[in-house]
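# coords please:
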Amino acid sequence: MRPWMILLFAAPALGFVPPEHKRIADAGAARALASAGLPWKHGDRAWVKASASPRADGAVWLEARGDDPIAAMPGAKGTPVLVWAGDAKAGDWFTFGDLVAIYGDMREKVACDPAASACRFGKTRSSHARLRELAKNGRNLPGGKTTEEAIAAAAAKVTDADTRGAVAILFRNGNHFSTRGVQRYAEMHRAALASAQKAGQSGDLRWLWAALHQEAAGLHSLTDLFALGHMVVHRHDSGSMARLLSIRDGLVHNAFNKAGATVANLAEPNRKWRAFGDHKLVARVGRRILNPDQGPMAVRAVETALKTVLHAWEAARARRRPDPAPRPFEALRLLPICIQDAQLGRAARMLYPDYADRFRSPGRCKDLDYRRAVEQLVAQPW
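Just a heads-up that it's a prediction; the model follows:
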């Protein structure tokens, strides 16, 4: 199916657009890995490194406006963390934020074989260049005016077999939403923890390199869950018989992302903050920022997740059990688990009365469907 046909019959639903994923994850990695002993080498080459000049390595570090709440976080503008995608013979450097932006929206699987020195995105350099451009801004691509159209246009230009159907991922991305999103993050975080432990036990840092790819795939779903529409909606995959439900899902998702709501998490249950969705990581009215806590909270989640991966590696390297705190799923404590005061517009209230009535009350923060799953995961010990 051609990209324009997919766009005709199904509604894509992005939580944050690629540069927003990238912005969050690059800041979180800079904070988490600043003292992680980079570069991580095996043999005579580095697989993960910090680079003060990422452009010299072909990677891109997004600059933010001075009033961006993420830019104001201590360490968020630190040295970019670059991760190799490829093998010992060929590949390219990507920032960690690139990986988080690409996995989930343009790549479903993590193709890593540490013993063979391989964590690959694709087989061609042109594929890598296009993926990097999408992660950077989703613009400046042939025929692309909106992010969704840009991704479709870019995917149509990619010819290698492993990338040809990448655009279809946007329409079967149920594991970026609600309970399935939490489950996807848990699955990939467990894989990353296991790889980190193997790195510690063996001394082979290629396993830690693979852990970053695995963690990036999980963090795509986790960071999506900081976008309001993804907290609320259970996405029906467009390729199923539930295509009409999928279209409704996308419209509900868009309505909540635009309207915003007040949310809270387990880490600071008495602290309420405003959340929006895609294109609104920093929502402004004039010079006033409506959601100053949303981006920094997502950055803290990425930072916390990466620190638990590092903790698993360090404990295995020291031949000891991990410390009781932080727990392995500590990052989920920062995820919103209830919302209130969702002020949908009149048309949205008429089309989605069940959603609108459930979450519009200003008096009490009402539990999201995945709260129980989050509570069970954060309680798990090592």
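
# Break down the chain into its strands, ranges please.
For the chain, the strands defined by DSSP state E cover 40-42, 45-50, 81-86, 91-95, 111-113, 118-120, 261-265, 273-275, 284-285, 288-289, 336-340, 366-367.

# Can I get the second one in CSV, CA atoms only?
Coordinates of the C-alpha atoms in strand 45-50 are reproduced here as CSV (Å, rounded to 0.1, in the frame of the first residue of the first chain):
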residue,chain,number,x,y,z
ARG,A,45,36.8,1.2,18.6
ALA,A,46,34.0,3.1,20.5
TRP,A,47,30.4,2.1,20.3
VAL,A,48,29.0,4.9,22.6
LYS,A,49,30.7,8.2,23.2
ALA,A,50,30.2,11.8,24.3
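
# Quickly run through the sheet partners of it, with directions.
Within its sheet, strand 45-50 is paired with strand 40-42 (antiparallel), strand 81-86 (antiparallel), according to DSSP bridges.

# could I get the ones you listed as TSV with distance to Val252?
Every C-beta, even on glycine, is put in place using the N, C-alpha and C of the backbone. Converted to TSV, the strands paired with strand 45-50 look like this (distance: least, Cβ to Cβ, whole Å):
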stretch	distance to Val252
strand 40-42	42
strand 81-86	35
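
# Of those, give the one that comes closest to Trp382.
The closest of those to Trp382 is strand 40-42. By Cβ to Cβ, the value is 22.5 Å.

# Buried residues, stretch 352-366. List them.
Tyr352, Tyr355, Ala356, Phe359, Arg360, Cys365 (16 or more other Cβ atoms under 10 Å).

# repeat for stretch 24-36
Using 16+ other Cβ under 10 Å as the test for burial, stretch 24-36 gives Ile24, Ala25, Asp26, Ala27, Gly28, Ala29, Ala30, Arg31, Ala32, Leu33, Ala36.

# which residues touch the third one?
Same thing as Asp26. Counting by Cβ atoms under 8 Å, 6 or more residues apart in numbering, Asp26 touches Trp61, Leu62, Pro80, Val81, Thr95, Phe96, Gly97.

# what's the most distant pair in those residues?
The two members of the contacts of Asp26 with the most space between them (Cβ to Cβ) are Leu62 and Val81, at 13.6 Å.

# Flag the shaky bits of the stretch 201-350 of the chain, pLDDT-wise.
The model of the stretch 201-350 of the chain has pLDDT under 70 over residues 236-248.

# Of the buried residues of stretch 352-366, just say which sits nearest to Arg180.
Tyr355 (17.5 Å).

# Now do the same for that closest one: its pLDDT.
Turning to Tyr355, the model gives it a pLDDT of 70.

# And Ala29, by the same measure?
With respect to pLDDT, Ala29 scores 96.

# cool, and the one 4 residues further on?
What the model reports as pLDDT for Leu33 is 95.
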